[in-house]
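Could you look at this predicted model? Sequence included:
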Amino acid sequence: MLANMKIHLAVLLLIPGIAAAQLTDIRLPISLDAESTDYDGKSSMLMFTGLRLTQGNIGIEADEGRASKLDFQDSVWKFQGNVIIDVDNGHIECGSADLQFNDHQLRLATIEGEPATFELKRPGSDEITYAEAGHLSYDLVAGTIEFSGDAVITEGGNQISSEFLIYNIVEQRITAEGSEEGDGRVRITYT
């Protein structure tokens, strides 16, 4: 039964540009612009509205942003409302995102949306790879993206959908799992 079976599919997605872009920007300065900022001394929380955060070719925009400290050595930033994350040839839009920084580098992005969307223009091609899901967890160090909650990845008319997908950037491999709910099946459409 497909609900309990993992399907490994080699795909032609060229998402490695995102991980490579992150690695080349590790020591570039981080710039923060905001319409306003506020500091709550009781909770030791920094709050920003109309926020834009950039490091090299990585950009993050949101209606609101919060952080426990203005430090990218080891911190988690929470973004809410119209969140846009641009990385090299990639573009993510979502309702909220928690971004974990370590050693001045973005390491982990936990993304929520209804749905959250992910687009990537492959280098040397006009084709766009498109993915959407209710939840994305992007581990930039491991080079994996987990999609859950009605996850769909489309490229060149081909589509894979299931409740849970993992894309391994390094291996260019998708693992798709069905769920126990509904018919619990992985769907593949090849055109």
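Nice, I can see it.

strands paired with the lengthiest strand in the chain, and their directions?
Of all the segments of type strand in the chain, defined by DSSP state E, the longest one is strand 105-121. Here strand 105-121 is paired, per DSSP bridges, with strand 90-102 (antiparallel), strand 128-139 (antiparallel).

what distance separates the longest one from the middle of the whole chain?
Relative to the mean C-alpha coordinate of its chain, strand 90-102 is positioned 6 Å out (C-alpha atoms, centre = their mean, to the nearest Å).

contact partners of that strand?
15, 17-18, 60, 62, 72-86, 106-114, 116-120, 136 (C-beta atoms under 8 Å, 6 or more residues apart in numbering). Bear in mind the C-beta positions are built from the backbone N, C-alpha and C, glycine included.

Can you tell me which of these are buried?
Buried by 16 or more other C-beta atoms under 10 Å: 15, 17-18, 60, 62, 72, 77-80, 83, 85, 106-113, 116-118, 120, 136, out of the contacts of strand 90-102.

Arg185 and Ser162 touch, don't they?
Yes. Applying C-beta atoms under 8 Å, one finds Arg185 in contact with Ser162, separated by 7.5 Å.

list residues touching both of the two?
By C-beta under 8 Å, 6+ apart, the residues touching both Arg185 and Ser162 are Gly178.
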